[in-house]
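>>> Show me the folded form of this:
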Amino acid sequence: MANSILIHNPRAPFSQGSGLKASVLDHLAGKVVGFIDNTKPNFNHLMDDLAVTLLEDYQVRSVIKRGKRVQSIPAPSAVVDELVAECDLVITGSGD
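A predicted model of the protein is given here:
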């Protein structure tokens, strides 16, 4: 297996009790992508690089970046509500 590549599916299971609606996107073109910066070191750099790639290579319509005050608490309800209303996809991350 010297020439094999293992690819993992990054989709997490969806919790039906969360009150949020899950769907699978067929493409990213024309979509709005949101990011929640969890304030871990270097996630802001990853988020910025991903935003450029999404805009230039995948033709997303726009990118919305929001953050949390600290890593150990959830994003404020207002941030979550805004991203749910405005975005087709939200990425929250961890850096280091």
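>>> Which single helix of the protein contains the most residues?
Of all segments of type helix in the chain, defined using DSSP state H, the longest is helix 43-57.
>>> Within its sheet, name the partner strands of the helix or strand of the chain with the lowest mean pLDDT and how each one runs.
Comparing every helix and strand of the chain by mean pLDDT, DSSP states H and E singles out strand 89-92 as the least confident one, with a mean of 88. With DSSP bridges as the test, strand 89-92 is paired with strand 32-37 (parallel).
>>> What mean pLDDT does the strand it pairs with get?
Mean pLDDT, strand 32-37: 94.
>>> picking that back up, quick one: contacts of the longest helix of the chain?
Counting by CB atoms under 8 Å, 6 or more residues apart in numbering, helix 43-57 makes contact with 28, 33, 35, 37, 60, 62, 63, 65, 91, 93, 94, 95, all of which sit outside it. Backbone N, C-alpha and C define where each C-beta goes, glycine included.
>>> how does it look with 10 Å?
Helix 43-57 has contacts (CB atoms under 10 Å, 6 or more residues apart in numbering) with 28, 31, 33, 35-38, 40, 58, 60-65, 67, 71, 89, 91-96.
>>> Same question for stretch 83-96.
With CB under 10 Å, 6+ apart as the contact definition, stretch 83-96 has outside contacts at 10, 19-21, 23, 25, 28, 30-47, 50-51, 54, 60-64, 66, 68, 71, 74-75, 79-80.
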